[in-house]
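Student: No sequence on hand, only this structure:
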């Protein structure tokens with residue numbers, strides 16, 4: 001944590017909504033902010049984009065070499081800008097895919113996907129059982145959504 005009073009302490013969440021389904025942008029921004037603060041981060045910037053299936057499929061093919069739209073992609077950057085703010089990266093979410101994943105509670109699915117994407121940007125992974133347990137515990141703590 002940066003305790004220098006001359007340095008920025010804010011958490012900036014930049015949102016781009018490029019799709020048509022309603023999302024609770026203010027609530028998701030607050031969730032992103034509280035997740036980053038909960039992870040001990042200050043003076044950081046994160047970009048969050050909500051995209052349609054076509055854009056998500058194009059990103060999925062281009063960056064993961066996998067066909068079809070996915071629900072969330074994370075693009076870690078972790079660069080320091082000239083004014084002392086760390087730019088963490090981008091989280092891209094497809095709300096339509098989220099709604100198909102959890103038609104009973106698409107808002108909960110969006111919360112889960114946002115936190116999941118943020119944790120990936122921060123370097124968490126779920127390749128083995130130990131990593132998965134740690135990541136899932138954090139996801140549930142921040143999002144309030146249990147992963148089966």
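Tutor: Looks like it came in fine. The structure displayed is predicted, hence computed values, not measured ones.
Student: mind checking pLDDT for the closest residue to residue 24 other than its chain neighbours?
Tutor: Sequence neighbours aside, residue 107 is the residue nearest to residue 24 in space, at 6.3 Å (criterion: C-beta to C-beta, 6 or more residues apart in numbering). Glycine gets a C-beta too; all of them are placed from N, C-alpha and C. Residue 107 carries a pLDDT value of 97.
Student: is it true that residue 107 touches residue 25?
Tutor: No: contact between residue 107 and residue 25 fails when scored by C-beta atoms under 8 Å: they sit 11.8 Å apart.
Student: The two: which is more packed in?
Tutor: More crowded of residue 107 and residue 25, by other C-beta atoms under 10 Å: residue 107, with 17 against 13.
Student: Can you tell me the SS state at the more buried one?
Tutor: Assigned state for residue 107: helix (three-state reduction, DSSP: H, G, I helix; E, B strand; the rest coil).
Student: what about it, distance to residue 29?
Tutor: Counting by C-beta to C-beta, to the nearest Å, the gap from residue 107 to residue 29 is 14 Å.
Student: again with residue 129
Tutor: 32 Å.
Student: Pull the residues that contact the helix or strand bottoming out on mean pLDDT in the chain.
Tutor: Lowest mean confidence among the helices and strands of the chain (mean pLDDT, DSSP states H and E): strand 72-80, at a mean of 90. Here strand 72-80 makes contact (C-beta atoms under 8 Å, 6 or more residues apart in numbering) with 56, 59-60, 63-64, 86-94, 113-114, 116-118, 120-123.
Student: which SSE is the closest residue to residue 66 other than its chain neighbours in?
Tutor: By the measure of C-beta to C-beta, 6+ apart, the closest residue to residue 66 outside its immediate chain neighbours is residue 60, 5.4 Å from it. Using DSSP states H and E, residue 60 falls within helix 53-64.
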